[in-house]
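1. The sequence and its predicted three-dimensional model are supplied below.
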Amino acid sequence: MLKSFKINILEKVNDINNPYTPPQAKLNKITKTKHLNGIGRMSFFLGLLTLIFSLFFISYTGLFFYIAPEIVLIAMFALLLNIIGLRLKNAGYSAFWGFLILIPIMNILLIMRCLAYPTDYKNTQILDANGKIVTVIFVIVFIAIISLPMLLGFLLILQYGHI
């Protein structure tokens with residue numbers, strides 16, 4: 001008797017026509033995020049280091065004189081666009097944003113975003129702890145690079161009275 005009474009009460013509480021029925025949450029279907037191709041932050045960073053060191057190696061060893069420098073620079077630029085495009089695809093953005101590397105101030109912001117954004121950042125809009133740390137380090141290094149010549153100029157003025 002008690003069990004049937006509980007079932008009857010639950011049926012009445014969950015009845016749609018009952019004004020005392022608590023509101024039901026309308027949950028959307030959980031959508032799977034699509035698989036994002038591309039490379040992660042560490043692969044992007046290692047790719048940048050590889051490009052920089054290979055450019056230094058080619059220039060230091062004098063291979064520029066044996067290989068046409070234009071071909072080397074075009075190949076390096078194509079590889080740079082490739083790794084930036086792959087990183088942007090991994091973050092959820094279009095690879096065509098990689099052409100912002102050609103605009104002077106935007107290239108710095110683009111590299112910072114490629115280093116900081118986690119996978120699928122466009123959909124989540126959440127910067128993880130590693131991204132925050134990378135952003136802070138990038139900003140500190142950028143400010144140091146900008147302020148170092150000013151500091152050296154100021155020290156030269158103090159020492160010699162002029163630059």
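-> Nice, thanks for sending it over. Numbering: from 1, shown residues only.
2. What residues sit buried inside the helix or strand where Ile137 lies?
-> Element membership of Ile137, judged by DSSP states H and E, is helix 129-160. For helix 129-160, burial by neighbour count (16 or more other Cβ atoms under 10 Å) applies to 131, 134-135, 138. All C-beta spots, glycine's among them, are computed from the backbone N, C-alpha and C.
3. Any regions of the protein where pLDDT drops low?
-> 1-16, 18, 21, 25-35, 163 (pLDDT under 70).
4. try it again with 90
-> For the chain, applying pLDDT under 90 flags the ranges 1-38, 55-73, 92, 105, 119-120, 122-126, 149-163.
5. now the helices for it?
-> For the chain, helices defined by DSSP state H occupy the ranges 2-13, 41-61, 69-91, 104-116, 121-124, 129-160.
6. The helix holding Ile137 to helix 41-61, inter-axis angle?
-> 40 degrees (axes from the mean of the first three to the mean of the last three Cα atoms, to 10 degrees).
7. picking that back up, farthest-separated two in the buried residues of helix 129-160?
-> Greatest spatial distance among the buried residues of helix 129-160 (Cβ to Cβ): Gly131 and Phe138, at 10.3 Å.
8. For stretch 47-57, buried residues please.
-> Buried residues in stretch 47-57 (16+ other Cβ under 10 Å): 47-48.
9. List of residues touching that stretch?
-> Residues from elsewhere that reach stretch 47-57 (Cβ atoms under 8 Å, 6 or more residues apart in numbering): 39, 63, 72, 76, 79-80, 83, 111.
10. before we move on, what about stretch 133-145?
-> With Cβ under 8 Å, 6+ apart as the criterion, stretch 133-145 contacts 41, 108, 112, 115-116, 127.
11. Nearest residue to the most centrally placed residue in the chain in space, ignoring adjacent ones along the chain?
-> Taking Cα atoms, centre = their mean, the centroid of the chain lies closest to Tyr117, which sits 2.6 Å from it. Excluding its sequence neighbours, the residue lying closest to Tyr117 (Cβ to Cβ, 6 or more residues apart in numbering) is Ala91, at 4.2 Å.
12. Nice, that's everything, thank you.
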